[in-house]
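Student: Sequence and predicted model, in that order:
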Amino acid sequence: MAGGWARDDAVNDQIDVSTREAIERMRLRNARRAHTESAEFCEECDEPIPQARREAMPGVRLCVACQSGHDKEWRPAGGINRRGSKDSQLR
């Protein structure tokens, strides 16, 4: 690492770490939710939640349509910008 340069695959390693951390956060969130009973009706639109969805996703509170809307709005938790490139710092 002469001259302070990172090795060629350092960026990929950082991306892998960030991805693993995000997956682990989602697993923990889902594990906590799995211990609660699923709702029969969506908490947002009051439509029935199908039994198959309630069985597949223990602790589910929203119908597929409302959950899809939340998923589109969801942004990963802040955290550290590991990329460190000049362009990403300027945004």
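Tutor: Happy to help now that I have it. Please read these numbers as outputs of a predicted model, since none were measured by experiment. Residues are numbered from 1 along each chain as shown.
Student: I'd like the average pLDDT over the top helix by length along the chain.
Tutor: Determined from DSSP state H, the single longest helix within the chain is helix 10-33. For helix 10-33, the mean pLDDT works out to 82.
Student: Distance from it to the middle of the chain?
Tutor: Its chain's average C-alpha position is 8 Å from that of helix 10-33, according to Cα atoms, centre = their mean, to the nearest Å.
Student: Buried residues, the helix or strand following that helix. List them.
Tutor: Sequence order places helix 51-56 as the next helix or strand after helix 10-33, per DSSP states H and E. Of the residues in helix 51-56, residue 54 count as buried by neighbour count, 16 or more other Cβ atoms under 10 Å. Using the backbone N, CA and C atoms, a C-beta is placed for each residue, glycine as well.
Student: got the contact list for helix 51-56?
Tutor: Counting by Cβ atoms under 8 Å, 6 or more residues apart in numbering, helix 51-56 makes contact with 38-40, 60, 63-64, all of which sit outside it.
Student: Quick one, which of those are buried?
Tutor: 38, 60, 63.
Student: where's the spatially most central residue of the chain relative to residue 48, distance?
Tutor: Within the chain, one residue has its C-alpha closest to the average C-alpha position: by Cα atoms, centre = their mean, that is residue 26, at 5.1 Å. From residue 26 across to residue 48, the span is 26 Å (Cβ to Cβ, to the nearest Å).
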